[in-house]
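Student: I would like to see how this sequence folds:
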Amino acid sequence: MTEQTQIRKKKRKQLLIRLANPQESEIHRDINEIVKKIFEIFRYHIGKANAINSYDLFKEILSVEPEEVELFQRSYLWNVIKMLLAKMRTNGELFTVNDGKNYYVLQTHEEAKKFKTKCNALIKAFKGMKKKADRWVYEEKWRNI
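Tutor: Numbering: from 1, shown residues only. Below you'll find the predicted structure:
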(Lines give C-alpha, C1' and ligand atoms only; values in the text may rest on other atoms or scores of the structure.)
Protein backbone atom coordinates (compact mmCIF):
# COMPACT_ATOMS: atom_id res chain seq x y z
CA MET A 1 0.00 0.00 0.00
CA THR A 2 2.79 2.43 0.90
CA GLU A 3 4.66 1.62 -2.31
CA GLN A 4 1.59 2.45 -4.39
CA THR A 5 1.09 5.72 -2.57
CA GLN A 6 4.71 6.73 -3.09
CA ILE A 7 4.59 5.84 -6.79
CA ARG A 8 1.32 7.70 -7.25
CA LYS A 9 2.66 10.82 -5.50
CA LYS A 10 5.83 10.71 -7.58
CA LYS A 11 3.83 10.43 -10.81
CA ARG A 12 1.58 13.35 -9.84
CA LYS A 13 4.54 15.53 -8.91
CA GLN A 14 6.15 14.74 -12.27
CA LEU A 15 2.98 15.82 -14.06
CA LEU A 16 2.90 19.00 -12.00
CA ILE A 17 6.54 19.76 -12.82
CA ARG A 18 5.99 19.09 -16.53
CA LEU A 19 2.97 21.39 -16.54
CA ALA A 20 4.85 24.13 -14.72
CA ASN A 21 7.81 23.82 -17.13
CA PRO A 22 6.19 22.57 -20.31
CA GLN A 23 8.20 21.00 -23.12
CA GLU A 24 6.53 21.12 -26.52
CA SER A 25 6.43 17.33 -26.91
CA GLU A 26 4.78 16.76 -23.52
CA ILE A 27 2.08 19.43 -23.63
CA HIS A 28 -0.54 17.40 -25.53
CA ARG A 29 -0.09 14.34 -23.33
CA ASP A 30 -0.42 16.42 -20.17
CA ILE A 31 -3.46 18.27 -21.49
CA ASN A 32 -5.14 14.97 -22.35
CA GLU A 33 -4.47 13.71 -18.81
CA ILE A 34 -6.08 16.83 -17.35
CA VAL A 35 -9.09 16.57 -19.66
CA LYS A 36 -9.64 12.94 -18.60
CA LYS A 37 -9.34 13.97 -14.97
CA ILE A 38 -11.85 16.81 -15.50
CA PHE A 39 -14.38 14.35 -16.94
CA GLU A 40 -13.84 11.99 -14.00
CA ILE A 41 -14.29 14.77 -11.45
CA PHE A 42 -17.34 16.43 -12.99
CA ARG A 43 -19.14 13.11 -13.23
CA TYR A 44 -19.89 13.71 -9.54
CA HIS A 45 -20.63 17.44 -9.79
CA ILE A 46 -23.72 17.61 -11.97
CA GLY A 47 -26.10 20.37 -10.97
CA LYS A 48 -25.62 23.32 -8.66
CA ALA A 49 -26.41 21.23 -5.58
CA ASN A 50 -23.30 19.13 -6.28
CA ALA A 51 -20.92 22.00 -7.10
CA ILE A 52 -17.19 21.85 -6.36
CA ASN A 53 -15.20 24.90 -5.28
CA SER A 54 -12.12 26.07 -7.18
CA TYR A 55 -9.74 25.03 -4.38
CA ASP A 56 -10.99 21.45 -4.37
CA LEU A 57 -11.11 21.34 -8.17
CA PHE A 58 -7.44 22.35 -8.39
CA LYS A 59 -6.55 19.80 -5.73
CA GLU A 60 -8.53 17.00 -7.43
CA ILE A 61 -7.14 17.65 -10.92
CA LEU A 62 -3.47 18.04 -9.97
CA SER A 63 -3.49 15.96 -6.78
CA VAL A 64 -1.66 18.64 -4.85
CA GLU A 65 -2.74 21.29 -2.36
CA PRO A 66 -2.74 24.72 -4.06
CA GLU A 67 -0.69 26.30 -1.29
CA GLU A 68 2.09 23.75 -1.90
CA VAL A 69 2.64 25.23 -5.36
CA GLU A 70 4.54 28.47 -5.95
CA LEU A 71 2.26 31.44 -6.67
CA PHE A 72 3.16 31.92 -10.34
CA GLN A 73 3.05 28.19 -11.08
CA ARG A 74 -0.32 27.93 -9.34
CA SER A 75 -1.64 30.84 -11.38
CA TYR A 76 -0.35 29.30 -14.61
CA LEU A 77 -1.83 25.90 -13.78
CA TRP A 78 -5.19 27.39 -12.79
CA ASN A 79 -5.30 29.33 -16.07
CA VAL A 80 -4.64 26.07 -17.95
CA ILE A 81 -7.54 24.43 -16.11
CA LYS A 82 -9.88 27.35 -16.85
CA MET A 83 -8.82 27.38 -20.50
CA LEU A 84 -9.58 23.67 -20.81
CA LEU A 85 -12.97 24.09 -19.13
CA ALA A 86 -13.82 26.90 -21.57
CA LYS A 87 -12.63 24.85 -24.55
CA MET A 88 -14.68 21.85 -23.45
CA ARG A 89 -17.75 24.07 -23.05
CA THR A 90 -17.19 25.62 -26.49
CA ASN A 91 -16.77 22.20 -28.12
CA GLY A 92 -19.89 20.93 -26.37
CA GLU A 93 -17.96 18.16 -24.61
CA LEU A 94 -18.76 19.31 -21.07
CA PHE A 95 -20.85 22.36 -20.14
CA THR A 96 -19.48 23.57 -16.82
CA VAL A 97 -20.65 26.73 -15.11
CA ASN A 98 -18.60 28.98 -12.85
CA ASP A 99 -20.92 30.26 -10.14
CA GLY A 100 -18.49 32.58 -8.41
CA LYS A 101 -16.24 30.15 -6.57
CA ASN A 102 -18.14 26.98 -7.42
CA TYR A 103 -18.11 24.91 -10.60
CA TYR A 104 -20.73 22.42 -11.74
CA VAL A 105 -22.16 20.79 -14.86
CA LEU A 106 -25.29 22.48 -16.10
CA GLN A 107 -28.33 20.29 -15.44
CA THR A 108 -31.68 22.10 -15.09
CA HIS A 109 -33.58 24.75 -17.01
CA GLU A 110 -33.39 26.99 -13.93
CA GLU A 111 -29.60 26.74 -13.90
CA ALA A 112 -29.52 27.47 -17.64
CA LYS A 113 -31.77 30.49 -17.13
CA LYS A 114 -29.43 31.90 -14.43
CA PHE A 115 -26.46 31.28 -16.70
CA LYS A 116 -28.13 33.09 -19.61
CA THR A 117 -29.03 36.02 -17.33
CA LYS A 118 -25.37 36.28 -16.33
CA CYS A 119 -24.32 36.17 -20.01
CA ASN A 120 -26.82 38.91 -20.90
CA ALA A 121 -25.44 41.12 -18.12
CA LEU A 122 -21.92 40.64 -19.47
CA ILE A 123 -23.07 41.47 -23.00
CA LYS A 124 -24.73 44.65 -21.71
CA ALA A 125 -21.50 45.62 -19.90
CA PHE A 126 -19.46 45.04 -23.07
CA LYS A 127 -21.83 47.22 -25.09
CA GLY A 128 -21.31 49.97 -22.52
CA MET A 129 -17.53 49.59 -22.88
CA LYS A 130 -17.84 49.88 -26.65
CA LYS A 131 -19.68 53.19 -26.24
CA LYS A 132 -17.01 54.44 -23.83
CA ALA A 133 -14.28 53.48 -26.32
CA ASP A 134 -16.04 55.46 -29.09
CA ARG A 135 -16.50 58.42 -26.76
CA TRP A 136 -12.82 58.29 -25.72
CA VAL A 137 -11.68 58.48 -29.35
CA TYR A 138 -14.32 61.01 -30.45
CA GLU A 139 -13.54 63.41 -27.58
CA GLU A 140 -9.79 62.78 -28.07
CA LYS A 141 -9.32 62.12 -24.37
CA TRP A 142 -6.03 60.43 -25.19
CA ARG A 143 -4.54 63.94 -25.61
CA ASN A 144 -4.94 64.54 -21.84
CA ILE A 145 -2.51 61.81 -20.89
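
Student: alpha carbons only for contacts and neighbour counts from here, please
Tutor: Will do.

Student: How many neighbouring residues does Phe126 have?
Tutor: If you count neighbours by other Cα atoms under 10 Å, Phe126 ends up with 12.

Student: how far away is it from Tyr138?
Tutor: Look at Phe126 and Tyr138: by Cα to Cα, to the nearest Å, they are 18 Å apart.

Student: residue ranges with poor pLDDT in the chain?
Tutor: For the chain, applying pLDDT under 70 flags the ranges 1-28.

Student: switch the cut-off to 90
Tutor: Using pLDDT under 90 as the threshold, the predicted model of the chain has low-confidence ranges 1-33, 62-64, 68-70, 73, 100-101.

Student: Which parts of it are strands?
Tutor: 52-53, 96-99, 102-105 (DSSP state E).

Student: Can I get these in a markdown table including distance to Arg43 and mean neighbour count?
Tutor: As requested, the strands of the chain are arranged in a markdown table below (distance: least, Cα to Cα, whole Å; neighbours: other Cα atoms under 10 Å):
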| stretch | distance to Arg43 | mean neighbour count |
| --- | --- | --- |
| strand 52-53 | 11 | 19 |
| strand 96-99 | 11 | 18 |
| strand 102-105 | 8 | 21 |
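
Student: Looks like Val105 contacts Phe42 (just checking).
Tutor: Yes: counting by Cα atoms under 8 Å, Val105 does reach Phe42; the two are 6.8 Å apart.
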